[in-house]
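> Next comes the sequence, and after it the predicted model I'd like to discuss.
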Amino acid sequence: MNDGLDRFRAHLYYDERLGFWLDTSRIRWTEGFLDALEPRLQAAYEAMATLERGAVANPDEGRMVGHYWLRAPELAPDPAIRDAITSTLGRVLSFAEDVHAARIRPERASRFRNVLLIGIGGSALGPEFVSAALTSPADRMRVWFFDNTDPDGFDRTLDAIGDALPETLTVVISKSGGTKETRNGMLEAEAAYARLGLDFAKHAVVVTGEGSELDKHAVARGFLDRFPMWDWVGGRTSELSAVGLLPAALQGLDVADMLRGARAMDEVTRSRVTRKNPAAQLAAAWLSATGGAGKKDMVLLPYKDRLELFSRYAQQLVMESLGKRLDRNGREVWQGISVYGNKGSTDQHAYVQQLRDGVDNFFVTFIEVLLDRAPQRGDLDVEPGVTSGDYLSGFLQGTRRALDERGRDTITITLEALDAASLGALLALYERAVGIYAELVGINAYHQPGVEAGKKAAQAVIDLELRVLAALRAKVGTALSLAEVTAAAGSDEPETVFWILRHLSANPRRGVLRVRGQGAEAEAGSPLDWMWMVAAAK
Ligand SMILES: O=P(O)(O)OC[C@H]1O[C@](O)(CO)[C@@H](O)[C@@H]1O
């Protein structure tokens, strides 16, 4: 397999302007794979160009897919969109400046020093990744996150913010403006400000679709400001809209450079010459490794602490885009690529053992950053003539070699340095690679019909929970069996009712108790034989 330098030379892409390398030489392309793929790649380039010209690329939702315009507004098909992008960027930057200069200030403190970002999925993963990747002592504000509906998670973050809550600006982000986790996070934050006698609205801004529930709430409550999220930007590709730019600008990151890097990557990945197009090469490598049918998982291993969250970010981008039951012709295809990862060399001491010696169901993407640390930090020899960074690079190379020896596919992305521009370029690379891959396998990357099922089922659970509580409260002091509660709640799903009762009884506030039943059956039986009651009316 390793036929030496020629193969490396043939499959090493380098772009000097971007300070970017892509090495696909350790993908086991069969001879002629890329040549055979070329007609499909050409079709994919055409499809991407059509999408960028403003075609309705998401027919289910009847919307255009315009995240590429965010860094090249002049390409947007409609002047109103161009203006919206430019004016929103201007508003984001001036809002951040006003916050930094304390022209926009909190109710009781002299200035905002922290940001609490509330969002989930595409409305949090990009901001979290970018915030961690680019943080430095020069940050203007510290950014915290609520990205779930875990009560203990809320408490933990609020405890960490501690006395600084009065100087914390909350940024609530939701494209739809109706996501329950985000709504809950907002209500929890609002309650925390209220406990200090503070008006939440004087500490809050939103990024959301115009006219959404959240947007209306922000207007009604008089939030500090509102920033738009457009229907032509998908959540998982929204990092370079106000969703990502606002928190990044508040943190003090170089938003213009991030856009510049993404724009430069877009320019090269628009090429219809495959050997000059790194996104196409990446997509083709995925296709080769996975058989175009998700047969292998994508393991992302950046050898850089700052990129630790990349795998979480890419997980949504790849899996929500590619994980599809139907292809564009309505045929059942069960497509997708599973993504996981963390960072090297840390994971060499965790799961690389299996990658080398275990089941061969993955391909690895290494990400290397050549500049080990900011030059002004100096450097330390940990052994004569050897630095910690030399070890980091050595471990990456060693693992790449060890996997290659076992016939495991690897890709390596190398960035000259990690900064706002190269991060923007990395995001743009993956956005484009996902788009091209979807075209190659004939699926729509821009909708997510599958996630709705879980949301609907969750709402049904909440509705049933209210009926369960009502049933128990109608018989205060009486122990009821699972069957009795289920019937009284008008349900035919005892298993769901059991889950609800078990959870309610673990959280005393609702007053639901698990009580011993009578007789040997309940004593010896399964938890499904437990009895339940509310002891006293509230
Ligand atoms: O920004 P929103 O509308 O709150 O949605 C958050 C996330 O939820 C999803 O719709 C999936 O449930 C993602 O596509 C999206 O990024």
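Now that the structure is in, tell me what you want to look at. It should be emphasised that the depicted structure is a prediction, and the values quoted were computed from it without experimental measurement.
> Just give me the residue right at the centre of the chain.
With distances taken as Cα atoms, centre = their mean, residue 125 lies nearest the centre of the chain, 3.2 Å away.
> Tell me how far that one lies from the ligand.
Separation of residue 125 from the ligand (Cβ to the nearest ligand atom, to the nearest Å): 8 Å. Backbone N, C-alpha and C define where each C-beta goes, glycine included.
> cool, residue 152 as well?
Plainly put, residue 152 is 21 Å away from the ligand if you go by Cβ to the nearest ligand atom.
> Offset the numbering so it begins at 72, please.
In the new numbering, first residue 72, that becomes residue 223.
> what about that residue, which SS state?
What DSSP: H, G, I helix; E, B strand; the rest coil gives for residue 223 is helix.
> Tell me who's in contact with the residue of the stretch 472-609 of the chain found nearest the ligand.
Closest contact between the stretch 472-609 of the chain and the ligand, by Cβ to the nearest ligand atom, is at residue 522 (3.9 Å). Residue 522 sits next to residue 391 when contact means Cβ atoms under 8 Å, 6 or more residues apart in numbering.
> residues from the protein in reach of the ligand?
The chain comes close to the ligand at residues 191-194, 245-247, 250, 253, 306-307, 391, 519, 522, as judged by Cβ under 6 Å from any ligand atom.
> ok, of those residues, which come out buried?
191-194, 245-246, 250, 253, 306-307, 391, 519 (16 or more other Cβ atoms under 10 Å).
> Okay, and which of the residues you listed map to strands?
residue 245 (DSSP state E).
> Out of the buried ones among the residues of the chain next to the ligand, the closest to residue 143 would be?
Nearest to residue 143 among those: residue 307, at 19.4 Å, using Cβ to Cβ.
> In terms of pLDDT, where does the residue nearest to the closest one when sequence neighbours are not counted sit?
Using Cβ to Cβ, 6 or more residues apart in numbering and skipping the chain neighbours, the partner closest in space to residue 307 is residue 193 (4.2 Å). pLDDT recorded at residue 193 is 98.
> how far away is residue 193 from residue 517?
Using Cβ to Cβ, to the nearest Å, we find residue 193 at a distance of 12 Å from residue 517.
> ok, what's across the strand from residue 185?
Note on residue 185: beta-bridge partners by DSSP bridges are residue 213, residue 239.
> so what's it up against?
Residue 185 neighbours (Cβ under 8 Å, 6+ apart): 212-215, 232, 235, 238-240.
> Output those as a markdown table; include the columns distance to residue 326, neighbour count and pLDDT.
Output for those, formatted as a markdown table (distance: Cβ to Cβ, whole Å; neighbours: other Cβ atoms under 10 Å; pLDDT from 0 to 100):
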| residue | distance to residue 326 | neighbour count | pLDDT |
| --- | --- | --- | --- |
| 212 | 14 | 21 | 98 |
| 213 | 17 | 17 | 98 |
| 214 | 14 | 23 | 98 |
| 215 | 20 | 18 | 98 |
| 232 | 24 | 18 | 98 |
| 235 | 24 | 15 | 98 |
| 238 | 22 | 19 | 98 |
| 239 | 21 | 25 | 98 |
| 240 | 17 | 25 | 98 |
